[in-house]
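Asks: need coordinates for the below:
(one chain, ligands or ions: 1)
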Amino acid sequence: MRVVILGASGAGKGTQAKALTEHFAMRHISTGDILREEVKKDSAVCRAVKRLMDRGDLIPDELMLSILEGVLVEEERFILDGFPRTYSQALALSDICNRIGRPIDVVISIEVPDDEVIQRITGRFVCPECTMMFHEVFLPPAKFGICDKCGAFLTQRPDDTMATVKNRLRIFHDLTSPIIDYYGRRGVLIKKSGVGDAGLISADLIKELEEKFNGHHY
Ligand code: AMP
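Replies: Residues are numbered from 1 along each chain as shown. Next up is the predicted model:
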């Protein structure tokens with residue numbers, strides 16, 4: 001099964017992708033996570049990529065595609081989170097999938113109103129070691145500033161400031177939203193509200209996917 005998960009940053013894509021990955025034993029491919037690993041390296045390209053990410057701007061397609069194609073070629077079953085973000089990326093993804101003979105089966109769009117996205121993102125903290133996410137209101141760690149899972153100090157992503165979140169939302173509405181219709185026309189789209197209990201949303205999505213594939217997780 002090959003799934004794409006779409007939604008604004010803060011809609012809960014990562015959380016839902018993790019739940020589906022565990023249930024269906026697929027690989028979670030997050031382009032944001034891949035890029036955050038890449039920019040730890042010290043090179044001119046990595047520094048330029050980091051500047052774009054810190055502002056919430058998109059990384060050029062050629063670079064994204066060169067990273068992604070290598071990853072997709074190796075995986076038969078995956079959830080792709082963070083890609084595509086533009087119409088041209090959607091076309092490029094479809095090209096890659098055709099070339100390797102592994103089409104995308106389902107596209108999930110997680111929908112959350114902008115004001116909720118802003119509240120979620122500006123209050124979130126992440127563990128730099130194990131990537132576990134926390135929120136100052138919705139999911140506070142047991143000990144302030146410390147990861148419950150591995151004990152590392154929590155940090156805030158540099159692109160989780162108000163100005164950057166607003167820029168990311170603008171890009172999402174201008175460039176990413178149109179591809180939701182594109183997948184709707186191709187008959188592979190599942191729209192799901194991302195408001196409410198994350199566990200219930202995952203359970204709902206798992207049920208829909210099981211029904212769609214009649215229990216065959218291929
Ligand atoms: P995310 O973790 O998905 O919110 O991504 C964090 C940042 O990585 C984005 O704000 C972009 O700067 C960059 N990024 C991630 N995926 C893509 C993509 N498909 N195309 C361009 N830039 C991306």
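
Asks: residue nearest the centroid of the chain?
Replies: Asp81 (3.3 Å; Cα atoms, centre = their mean).

Asks: isn't that residue right up against Arg27?
Replies: No: Asp81 is beyond contact range of Arg27, at 10.7 Å (criterion: Cβ atoms under 8 Å). Placement of C-beta: from N, CA and C, glycine included.

Asks: contacts only, for the residue nearest to the centre of the chain.
Replies: Residues in contact with Asp81 (Cβ atoms under 8 Å, 6 or more residues apart in numbering) are Ile5, Lys13, Gly14, Ala17, His28, Ile29, Ser30, Thr31, Gly32.

Asks: distance of the closest residue to the ligand within the chain relative to Arg102?
Replies: Closest approach between the chain and the ligand, counting by Cβ to the nearest ligand atom: Gly32, at 2.0 Å. Separation of Gly32 from Arg102 (Cβ to Cβ, to the nearest Å): 22 Å.

Asks: with Thr161 instead?
Replies: The gap separating Thr161 from Arg102 is 38 Å, by Cβ to Cβ.

Asks: beta partners of the residue nearest to the centre of the chain?
Replies: Beta-bridge pairing for Asp81 (DSSP bridges): Ile5, Ser30.

Asks: excluding its backbone neighbours, what's nearest Ile100?
Replies: Distances taken as Cβ to Cβ, 6 or more residues apart in numbering put Val73 closest to Ile100, at 5.9 Å, once the chain neighbours are dropped.

Asks: and for that neighbour, the neighbour number?
Replies: 11 (other Cβ atoms under 10 Å).

Asks: tell me the first helix or strand C-terminal of the host helix or strand of His28.
Replies: Secondary structure assigned from DSSP states H and E places His28 in strand 27-30. Note on strand 27-30: by DSSP H and E, the next helix or strand toward the C-terminus is helix 31-38.

Asks: and for the helix or strand just after that next one, what's in contact with it?
Replies: Using DSSP H and E, the helix or strand that follows helix 31-38 in sequence is helix 44-55. Contacts with helix 44-55, where a contact means Cβ under 8 Å, 6+ apart, come from Leu35, Arg36, Glu38, Val39, Lys40, Leu58, Ile59, Leu63, Pro158, Asp159, Thr164, Asn167.

Asks: list the residues that contact Glu76.
Replies: Counting by Cβ under 8 Å, 6+ apart, Glu76 makes contact with Arg2, Arg102.

Asks: hang on, it in a strand?
Replies: No: per DSSP: H, G, I helix; E, B strand; the rest coil, Glu76 lies outside any strand segment and is coil.

Asks: and this protein, which residues reach the ligand?
Replies: 9, 31-32, 35, 52-53, 56-59, 64, 82-83, 85, 89, 159, 168 (Cβ under 6 Å from any ligand atom).

Asks: and those, which of them are buried?
Replies: 9, 31-32, 35, 52-53, 56, 58-59, 64, 82-83, 85, 89, 159, 168 (16 or more other Cβ atoms under 10 Å).

Asks: against which helices or strands is the helix or strand hosting Asn167 packed?
Replies: Taking DSSP H and E as the definition, Asn167 sits inside helix 162-171. Contacts defined by 3 or more Cβ pairs under 8 Å, 6 or more residues apart in numbering; DSSP states H and E place helix 162-171 against helix 44-55, helix 114-122.
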